[in-house]
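Undergrad: Only the shape, not the letters, is given here:
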């Protein structure tokens, strides 16, 4: 039996403020940033992981978690919806 993560990250369209905080996710305005955190892992490997996560409340009432890798340009991912 194969197991898959329920919350496998999916690419998502995000418009960010100049300070980097998400303002719009998939054409829906962000009402509030509930939490923001940085994950740095695998620092001992040739390809360390660094991601900035945001837990958001959208104008349509959804709570979502999105992240962006600091060196990943404008690529954003939806971690949880």
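TA: Yep, it's here. Note that the structure is predicted; figures quoted are calculated from it, not measured. Numbering: from 1, shown residues only.
Undergrad: List the contacts of residue 41.
TA: When contacts are counted by C-beta atoms under 8 Å, 6 or more residues apart in numbering, residue 41 touches 48-49. Quick note: C-beta positions are derived from backbone N, CA and C, even for glycine.
Undergrad: what pairs with it across the strands?
TA: residue 49 (DSSP bridges).
Undergrad: quick one: it and residue 73, what's the gap?
TA: 20 Å (C-beta to C-beta, to the nearest Å).
Undergrad: Next: residue 37.
TA: As judged by C-beta to C-beta, residue 37 and residue 73 stand 21 Å apart.
Undergrad: So which of the two has more stuff around it?
TA: Between residue 37 and residue 73, counted using other C-beta atoms under 10 Å, the more crowded position is residue 37 (11 against 8).
Undergrad: Quickly find the element holding that one.
TA: Using DSSP states H and E, residue 37 maps to strand 28-41.
Undergrad: May I see the buried residues of that strand?
TA: Residues of strand 28-41 classed as buried: residue 30 (neighbour count, 16 or more other C-beta atoms under 10 Å).
Undergrad: likewise stretch 21-28?
TA: Judged by neighbour count using 16+ other C-beta under 10 Å, the buried positions of stretch 21-28 are 22, 25-26.
Undergrad: Kindly report the same for stretch 67-79.
TA: 67-68, 76-79.
Undergrad: can you redo the residues you listed as a markdown table with pLDDT and secondary structure?
TA: Listed next are these as a markdown table, based on pLDDT from 0 to 100; DSSP: H, G, I helix; E, B strand; the rest coil:
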| residue | pLDDT | secondary structure |
| --- | --- | --- |
| 67 | 95 | strand |
| 68 | 91 | strand |
| 76 | 95 | strand |
| 77 | 95 | strand |
| 78 | 96 | strand |
| 79 | 91 | strand |
